[in-house]
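K.L.:
Task: produce atomic coordinates for the following.
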Amino acid sequence: MKGWLKNILIFLAGMASMFILMLFLAPKPTDELPGLSFFNDKAQEKVIDVKQIKIFQVLQPNKALANATNKPNEIFDPDEIIVLVIGDDKTTYYDDEKIDITENQQLKQIGLFQYESKGGMQRTVPVVSIVTK
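P.N.:
This next block holds a predicted model:
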């Protein structure tokens, strides 16, 4: 009986130590998207001249993929680009939202975002923020 009790206690101690180890080694939740990188140097930032962005996929409440265009009323714009728009903590986006860029606003590229499209292609798009001129 004594050996049997000892084996159960060893087993329980092993399970407890494994549980504690898993807590320390488990990946920590993060707010950042995989593939998102910001420029280290302000000289790398540039202005992207567009008149409107249209959200097509919200990734997080303040981060969304969008089409940026200079011809919002046209059916097809060959210069349209895909961007990842990042707002501040108070900003929320929704699918199919259209955001007009006014005369005193601009899109500033602040980084790059790499992701895999639904078709399996690796994509790299500019990360932008709407700023006041």
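K.L.:
Any idea which residue is closest to the centre of this structure?
P.N.:
The residue lying closest to the centre of the chain (C-alpha atoms, centre = their mean) is residue 33, at 3.8 Å.
K.L.:
Quick check: closest non-adjacent residue to that one.
P.N.:
residue 59 (6.1 Å; C-beta to C-beta, 6 or more residues apart in numbering). Glycine gets a C-beta too; all of them are placed from N, C-alpha and C.
K.L.:
what are the ranges of the helices in the protein?
P.N.:
Using DSSP state H, the helices found in the chain span residues 2-25.
K.L.:
those strands in it, which residues are they?
P.N.:
Remark: strands assigned in the chain by DSSP state E are 36-38, 46-48, 52-60, 63-69, 81-86, 98-100, 105-116, 122-132.
K.L.:
Which one, of those, ends up nearest to residue 5?
P.N.:
Proximity to residue 5 (C-beta to C-beta) singles out strand 52-60 among those, at 51.7 Å.
K.L.:
who touches the closest one?
P.N.:
Identification of contacts with strand 52-60 by C-beta atoms under 8 Å, 6 or more residues apart in numbering yields 31, 33, 64-69, 72, 83-85, 93-101, 107.
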